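J.: Take this sequence and fold it.
(one chain, ligands or ions: 1)
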Amino acid sequence: MANKNECGTLIVTGASRGIGAAIANLAGERGFSVAVNFATGTAEAAAVVEQIVSAGGRAYAIQADVAREEDVVRLFETAERELGPVKALVNNAGITGGFSRVESVSAQTLAQVMAVNVTGAILCAREAVRRMSTRHGGTGGAIVNISSRAARTGSAGEWVHYAASKGAIDSFTIGLAREVATEGIRVNAVAPGLIETGLHAANGAPDRLDRLAATIPMQRPGTPLEVAEGVLWLLSPAASYTTGAILEIGGGR
Ligand code: NAP
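T.: Residues are numbered from 1 along each chain as shown. Sure thing, here's the model as predicted:
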């Protein structure tokens with residue numbers, strides 16, 4: 001285990017459960033001071049903080065809706081005040097908007113999905129760059145955006161609108177990586193395949209993982225920890241020459 005706070009402060013959005021919670025836990029073990037962001041899951045976020053702290057790490061829970069600019073600014077200010085200078089960001093918070101063919105999707109669903117998945121990620125990255133870029137007096141850092149294999153498969157018949165929001169994340173990752181490449185900041189994405197989280201049941205399809213397992217070359221869904229391992233590698237100095245990459249963690253799918 002690395003020395004505590006050796007790696008500086010990492011903000012993980014949507015870290016109260018699922019993939020975000022796994023990233024927060026592993027980051028705590030690897031020496032990051034972790035800002036555990038959540039939208040509504042106060043008790044769940046507190047449990048993640050408790051897990052990190054009881055394992056000897058540093059963590060602090062911060063409620064903020066990433067779709068709201070004032071919340072994002074407060075998230076970064078609070079993380080810095082409670083844990084120290086921000087050195088890393090994982091844009092993990094995401095929603096699907098539910099299953100819908102394109103001809104049935106509402107403008108409200110579209111607005112919500114784009115606000116959380118795209119605007120939220122870009123606003124968080126903006127705050128991170130303002131603090132980490134050498135152009136602004138910072139000392140550098142790393143950003144990992146959680147995309148999805150849906151960005152490439154398109155998710156026909158399920159949630160094309162969600163897939164499109166993740167396509168935007170891929171473009172944003174490539175563009176921002178190139179924009180800040182000489183400013184000490186690396187920007188990458190992880191594109192998970194089907195991962196065992198509550199997301200599927202929450203969308204009314206608790207059997208989705210079992211149903212689709214046969215379509216995955218490895219014949220099984222992945223775990224949040226298997227995604228977190230990729231994220232932590234991209235955040236680490238071991239990935240020092242990797243920027244603008246989209247790392248697929250999908251069992252071959
Ligand atoms: P999840 O279990 O549904 O958890 C989503 C997390 O995002 C929760 O912590 C939730 O917080 C948070 N969140 C939602 N809206 C938010 C907002 N407006 N502001 C701040 N936080 C918000 O999802 P997951 O399966 O772990 O997915 C995490 C990421 O991986 C998402 O970006 C998702 O698109 C992506 N992904 C997932 C899969 C998969 O198969 N599971 C595959 C590919 C990509 P609260 O609980 O507090 O509301």
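J.: which strands and helices sit next to the strand or helix carrying L110?
T.: Under the assignment given by DSSP states H and E, the secondary-structure element containing L110 is helix 107-114. Counting contacts by 3 or more C-beta pairs under 8 Å, 6 or more residues apart in numbering; DSSP states H and E, the secondary-structure elements packed against helix 107-114 are helix 160-179. In this view, the C-beta of every residue, glycine as well, is placed from N, C-alpha and C.
J.: then the helix or strand that the helix it packs on is followed by to PDB, C-alphas only?
T.: Using DSSP H and E, the helix or strand that follows helix 160-179 in sequence is strand 185-192. What follows is strand 185-192, C-alpha atoms only, in PDB (Å, rounded to 0.1, in the frame of the first residue of the first chain):
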ATOM      1  CA  ILE A 185      -2.300  16.600 -17.700                       C
ATOM      2  CA  ARG A 186      -3.100  13.200 -19.200                       C
ATOM      3  CA  VAL A 187      -6.700  12.500 -20.300                       C
ATOM      4  CA  ASN A 188      -7.900   9.000 -21.000                       C
ATOM      5  CA  ALA A 189     -11.100   7.100 -21.100                       C
ATOM      6  CA  VAL A 190     -12.200   3.600 -20.000                       C
ATOM      7  CA  ALA A 191     -14.900   2.000 -21.900                       C
ATOM      8  CA  PRO A 192     -16.500  -0.800 -19.900                       C
END
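J.: what helices or strands is strand 185-192 leaning on?
T.: With contacts taken as 3+ C-beta pairs under 8 Å, 6+ apart, strand 185-192 sits against helix 120-132, strand 141-146, helix 160-179, helix 224-235, strand 246-249.
J.: distance between that strand and the chain's centre?
T.: Strand 185-192 sits 9 Å away from the centroid of its parent chain (C-alpha atoms, centre = their mean, to the nearest Å).
J.: what stretches of the chain score poorly on pLDDT?
T.: Using pLDDT under 70 as the threshold, the predicted model of the chain has low-confidence ranges 1-5.
J.: Perfect, that will be all.
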